[in-house]
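Asks: predicted model and sequence follow; I will ask about them next.
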Amino acid sequence: LQAVDQYSQYGEVLYISGEESPSQVKHRGDRLGLSGDNISIMSETEMESIYDYVIRKKPRVVVVDSIQTLYSSNFDSIPGTTTQIRECTLKIVELAKTHDISFFLVGHITKDGKVAGPKLLEHMVDSVLQFEGQEGLNYRILRSLKNRFGSTNELGIFNMEEKGMVEVKNPSEFFLSERDEKNLGSIVVPVLEGTKIFLLEVQTLVNESPFGIPKRVVQGFDRNRIQILNAVMEKKIGLNLSSKDVFVNIPGGIKIYDGAADLGVVMAMISITKGIEISQKIAAIGELGLRGEIRKVSFVDKRLKELEKLGFSGVYLPYSNKKEIENNKYNLKMIYLKNLAELAERMK
């Protein structure tokens, strides 16, 4: 509804509600403080009636909530079936192309987080955007799964407040607001998501395994990548974790795909295993190779500026990035590393 209100500034918007009555939609709009100007609400689920109305009124934007409630009277199957979703979407695509109308289709998702209905639905639209959130947390993550107009790696962070969804202007500060001055098994990593840099905390915990098979519990990071990092640490610096339970967590519900977070994970593991505290103003950037080398990462200048902006005092980073940034001035102490052996020596 907030998006509908914004689009209404540029022309007539039609909101087709297949799940709620117009009075329910209006009540939500009043609660959010929306004006309602240039917004029409239609409580209809028959595709033929919607088709005729849209051709007659020609709104600038149409929102369908939800596509699973629509049906075509030309078919006997019930709403939400593969046939109905496909045929209704085809009609909508025809309307959008013929009359230059933008359509937003709200869809249900399955238990594993995928768009419900035939895969064809995702192929027929220009963009697929998904809101994600964890129970008990006020913020929501808007993630692009498909985008014909740009990158699919972009993220938007929104906070759920009394007046609706509010954009979080500084996500890094938002995610790092609860850290202590000194931390065991925890460090900050600047990761790249699309064109944005997010500062995220990597938390690790290592315990003696009371059972024969040690556990590997990972949230927000690639579990196979953790296995590789553990193997490299054991081989190159003698940090034996094969008989211990290892837990890795990225607080906030965001999953890290950026290889530049490897060095942060390794430092957090060494910290918790050897009892070495890490200052909350220290960060780590670097990808780890199988030979124990710390490899060059991309967009290092952008990552350093984000750390500087949030008041960090030092950063561990690959030596191979030194030439790229040595002429730039940062209010950060640079600690360059070539390999794991140098890191282990510094963290004694």
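Replies: Structure's in. What do you need?
Asks: so which helix or strand takes in residue 334?
Replies: Taking DSSP states H and E as the definition, residue 334 sits inside strand 333-337.
Asks: hey, which strand is longest across the chain?
Replies: Determined from DSSP state E, the single longest strand within the chain is strand 196-208.
Asks: ramachandran angles for residue 142?
Replies: Backbone torsions for residue 142, taken as degrees, to the nearest 10, come to phi -100, psi 110.
Asks: got the contact list for it?
Replies: Contacts for residue 142 (Cβ atoms under 8 Å, 6 or more residues apart in numbering) come out as 129, 130, 131, 132, 155, 156, 157, 158. To be clear about C-beta, it is placed using only N, CA and C from the backbone, and glycine gets the same treatment.
Asks: strands - which of the residues you listed land there?
Replies: Among the contacts of residue 142, the members falling in strands (DSSP E) are 129, 130, 131, 132, 155, 156, 157, 158.
Asks: what is the third one paired to in the beta sheet?
Replies: Think residue 131. On the basis of DSSP bridges, residue 131 is bridged to residue 142.
Asks: hmm, residue 140 and it touching each other?
Replies: Yes: under the criterion of Cβ atoms under 8 Å, residue 131 makes contact with residue 140 at 5.2 Å.
Asks: what's the span of stretch 214-223, first residue to last?
Replies: End-to-end span of stretch 214-223 (Cα to Cα, to the nearest Å): 14 Å.
Asks: how about it: buried residues?
Replies: For stretch 214-223, a neighbour-count test (16 or more other Cβ atoms under 10 Å) marks 214, 216, 218, 220, 221, 222 as buried.
Asks: among those residues, which lie within strands?
Replies: Reading strands off those with DSSP E, I get 216, 218.
Asks: tell me which of the buried residues of stretch 214-223 is nearest to residue 59?
Replies: Nearest to residue 59 out of the buried residues of stretch 214-223 is residue 220 (Cβ to Cβ; 40.8 Å).
Asks: do I have it right that the closest one meets residue 253?
Replies: Yes: the criterion here is Cβ under 8 Å, and residue 220 meets it with residue 253 at 7.3 Å.
Asks: on that earlier part again, could I have the buried ones of the contacts of residue 142 as PyMOL selection syntax?
Replies: This is the PyMOL syntax for the buried subset of these, where burial follows 16+ other Cβ under 10 Å:
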select buried, resi 156+157+158
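Asks: closest one to residue 243 out of the contacts of residue 142, please.
Replies: Out of the contacts of residue 142, the member with the shortest distance to residue 243 (by Cβ to Cβ) is residue 132, at 35.6 Å.
Asks: for residue 109, see how far away that closest one is.
Replies: Going from residue 132 to residue 109 by Cβ to Cβ, to the nearest Å gives 10 Å.
Asks: tell me which residues of stretch 191-204 come out buried.
Replies: Buried residues in stretch 191-204, defined by neighbour count with 16+ other Cβ under 10 Å: 191-194, 196-204.
Asks: I'd like those residues as JSON lines, with pLDDT and distance to residue 333 appended.
Replies: JSON lines is the format used below for the buried residues of stretch 191-204 (pLDDT from 0 to 100; distance: Cβ to Cβ, whole Å):
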{"residue": "191", "pLDDT": "93", "distance to residue 333": "21"}
{"residue": "192", "pLDDT": "89", "distance to residue 333": "22"}
{"residue": "193", "pLDDT": "82", "distance to residue 333": "26"}
{"residue": "194", "pLDDT": "76", "distance to residue 333": "29"}
{"residue": "196", "pLDDT": "84", "distance to residue 333": "25"}
{"residue": "197", "pLDDT": "89", "distance to residue 333": "19"}
{"residue": "198", "pLDDT": "89", "distance to residue 333": "22"}
{"residue": "199", "pLDDT": "93", "distance to residue 333": "17"}
{"residue": "200", "pLDDT": "93", "distance to residue 333": "21"}
{"residue": "201", "pLDDT": "93", "distance to residue 333": "20"}
{"residue": "202", "pLDDT": "95", "distance to residue 333": "20"}
{"residue": "203", "pLDDT": "95", "distance to residue 333": "23"}
{"residue": "204", "pLDDT": "96", "distance to residue 333": "23"}
